Structure formats: C-alpha cells, structure tokens
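1. no FASTA, just this:
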C-alpha cells in the first residue's frame, strides 16, 4: 500500500453537501451525526476585537501550550505544540520524520495511511499491537476510530521504546472513563501524540490541535509550522476552555447519559451491541445500507463505510434533536 494510495479523495463525515446529494428530498435541516464532535460545545466567551485585528502574540501561544500541558498531563510545556488542527499534523509528520516503511494499526482513520503513502512510505496494516512490534515506525489511534478499541498506555510506551517513531492519535481520549493517554511516557524520544481540541469541545471550526512529543521532535514540528500557525481567536477560546476542568467533568457526565440513550435506541431497533467512545457509537447490521437510507431520508445523516458495508457510526445529537433521531432509528427496524 504505497505511492498513489493517498491521491484519491477519502470520504469523511461532516459533509452536508454529500447528505443533500444523497437525500435531496429529506427534511431540512439535516441532523448531522456523521462526525464524532461533542454536541454540547464549550460556551464561546466574548472575544476582544484584537484577536481578529492583530497577529497573535508569541507569548499568548506559549501560554496556551502551558495550559494544554496541564490539561493533557504533560510535564513540560516545551513538549506541547499547538497547530491549526490535527489533520495538518497528520499530513506534516511524514515530511518531518520520513520512513521507508510504517505500520498502521487498523482499521482506523484513513488519513494516517494515506498521508504516509503519499510520501512514498510503504504502509503495512496491522490488526494488533503485537503485529506492530519489531517495526521501526508505527501509527495507532487510542481509543481507535471507528470501533473504540482501547490500548493500555504502558503497553504503548513499551512499543515506543523500540521505535524511532510511534504516532498515537488520541483525538477521542479526553472523555475516557479510565486513563488512556500515553502523555506520561513522553520521555520516549520516538513518541508523538496528537490531541484534538475541536472534537472534545464541540468547536471543530476553531481548527486547533496539539502535538505532544519529546523536546527535539516538538521543536522540529514547531519550526515546520512557522509563526502565527494558530489564530488569535483559537488561542483566546482554547486558553479558557482547556483550563476549565469543571466543564470537562460536566461534559463527560452529559455524554455518559447521551451514550446510554443512543445505545438503548440502537439496540431496541435491532442493531448489534454498540462499541465506540463517549463521542460516537459504532454498530453493525446485515442490512446497514438499507438502514442508512431510511435514516438519510428522515434527515439524519450518519457515517457509513464503503469498505465495511455492514457498519454505521452514529455521533450524538443535541438535546432538542433526540426525539427526531430516536424515531428515525426506530423506523430502521421496519421491513
């Protein structure tokens, strides 16, 4: 798997234009459950005009990275690099740390394999952590997208010890009920951890993510991004949000309730037992394509997988949308 594999467009969630093309007669507005974004966004504070009219101050960015270090359990803020979203980091890593070959634990977020392949790296797909062992470079998501598989941080750290590069995408780790992050093991020079701000805080349009890495790798990432990579508005909002531990605790509780409600609706409609995280649920059904169509015609857009047609992934709706979503899910059980 190499060379041109990354050239073709990869389908992602979140495209309402695609939803409209697939279901032109569906009621509007669509309820978009095709992403894993928190439906209860962090409340935006009033923003001073200066965050839009002036270039961000380097000191403000350093302060944000220090706040992120505390939020993510990183010992030293020099190991935290803010970026305009984790996707740009995924695209950047193959150029900064080139590899002849890399293992990717899958099935998972397709951009990882595609970006490495686009840089000429041979990509080898693995199904278990054991299958990644012995490689000099690897990528995994913890928890995994889309099935929610979780891996012990100590096992990840042990894997990193023998590698020149281990990329761990922790985009969905913020609300995990048990310790998931490998951030406490950043003493390993090969470890690079990616954290997403927009998913957890429901502010995907902010375009903010973080790379966590040992100082040498962090410095290389920071230099490649250059000055003013993160907007003043993103710095202002995230500095407050990442420091707000009570909000994160309350958000986790709300998401627990929402996950239970979604799982109940899905299982009552005959889907297989759900897996996933507090931000999305993955379910299987032999007739998943038919159910996808019923949901879409009801204006509920979920994530399908062309390569795994029996699976559907559901994000969580906002409070005012539950009755419509539950009715659409119930309708999928009808022949």
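-> That came through, no problem. On a predicted model such as this, the values are computed, not experimentally measured, just so you know. Residues are numbered from 1 along each chain as shown.
2. Tell me how many other residues crowd residue 154.
-> For residue 154, the neighbour count with other CB atoms under 10 Å is 12. Using the backbone N, CA and C atoms, a C-beta is placed for each residue, glycine as well.
3. The stretch 1-150 of the chain: helices as residue ranges?
-> 16-22, 50-53, 58-72, 86-96, 110-118, 129-132 (DSSP state H, counting those that start in this stretch).
4. Point out the most buried one among the ones you listed.
-> helix 110-118 (a mean of 22; mean count of other CB atoms under 10 Å).
5. tell me how far that helix is from the chain's mean position?
-> Remark: helix 110-118 is offset 15 Å from the chain centroid, using CA atoms, centre = their mean, to the nearest Å.
6. could you check the angle helix 86-96 makes with that helix?
-> If you take axes from the mean of the first three to the mean of the last three CA atoms, to 10 degrees, helix 110-118 sits at 20 degrees to helix 86-96.
7. quick one, strands of the stretch 101-250 of the chain?
-> Applying DSSP state E, counting those that start in this stretch to the stretch 101-250 of the chain gives strands spanning 101-105, 122-126, 137-141, 165-169, 191-196, 209-213.
8. and of those strands, who's closest to residue 266?
-> The closest of the strands of the stretch 101-250 of the chain to residue 266 is strand 137-141. By CB to CB, the value is 22.4 Å.
9. before we move on, the earlier item: take the strands of the stretch 101-250 of the chain and write them to a markdown table, including mean neighbour count, mean pLDDT and distance to residue 221.
-> A markdown table is the format used below for these (neighbours: other CB atoms under 10 Å; pLDDT from 0 to 100; distance: least, CB to CB, whole Å):
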| stretch | mean neighbour count | mean pLDDT | distance to residue 221 |
| --- | --- | --- | --- |
| strand 101-105 | 23 | 98 | 17 |
| strand 122-126 | 16 | 97 | 21 |
| strand 137-141 | 25 | 98 | 15 |
| strand 165-169 | 26 | 98 | 11 |
| strand 191-196 | 25 | 98 | 8 |
| strand 209-213 | 27 | 98 | 5 |
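10. Any chance of those strands in JSON lines with distance to residue 293 as columns?
-> JSON lines is the format used below for the strands of the stretch 101-250 of the chain (distance: least, CB to CB, whole Å):
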{"stretch": "strand 101-105", "distance to residue 293": "31"}
{"stretch": "strand 122-126", "distance to residue 293": "30"}
{"stretch": "strand 137-141", "distance to residue 293": "29"}
{"stretch": "strand 165-169", "distance to residue 293": "31"}
{"stretch": "strand 191-196", "distance to residue 293": "30"}
{"stretch": "strand 209-213", "distance to residue 293": "34"}
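11. List the buried residues in stretch 291-306.
-> Judged by neighbour count using 16 or more other CB atoms under 10 Å, the buried positions of stretch 291-306 are 291-292, 294-305.
12. what comes into contact with it?
-> If you take CB atoms under 8 Å, 6 or more residues apart in numbering as the criterion, stretch 291-306 is touched by 11, 13, 16, 19, 22-23, 25-35, 146, 280, 285, 288-289, 311-315, 324-325, 327-329, 331-332.
13. Repeat that for stretch 63-81.
-> Applying CB under 8 Å, 6+ apart, the external contacts of stretch 63-81 come out as 62, 82, 181, 183-184, 186, 195, 210-215, 218-219, 221-222, 225, 230, 235, 238-239, 242-243, 245.
14. What average pLDDT does it get?
-> Average pLDDT, stretch 63-81: 97.
15. so how far is the first residue of that stretch from its last?
-> End-to-end distance of stretch 63-81 (CA to CA, to the nearest Å): 11 Å.
16. now the helices of the stretch 1-150 of the chain as CSV including distance to residue 262?
-> As requested, the helices of the stretch 1-150 of the chain are exported to CSV (distance: least, CB to CB, whole Å):
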stretch, distance to residue 262
helix 16-22, 19
helix 50-53, 36
helix 58-72, 27
helix 86-96, 25
helix 110-118, 24
helix 129-132, 29
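17. before we move on, back to that, the buried residues of stretch 291-306 in strands, which ones?
-> Judged by DSSP state E, the buried residues of stretch 291-306 include 300-301, 303-304 as members of strands.
18. Residue 93 reaches residue 111, doesn't it?
-> No. Using CB atoms under 8 Å, residue 93 is not in contact with residue 111, being 11.0 Å away.
19. where does the stretch 201-335 of the chain have low pLDDT?
-> For the stretch 201-335 of the chain, residues meeting the criterion pLDDT under 70 lie at 335.
20. how about the helices in it?
-> Using DSSP H, counting those that start in this stretch, the helices of the stretch 201-335 of the chain run over residues 215-225, 232-242, 245-268, 288-297, 322-331.
21. Need the residues that contact the last one.
-> Just to be clear, that refers to helix 322-331. With CB under 8 Å, 6+ apart as the test, helix 322-331 has contacts from 31, 33, 261, 265-266, 268-269, 294-295, 298-300, 317.
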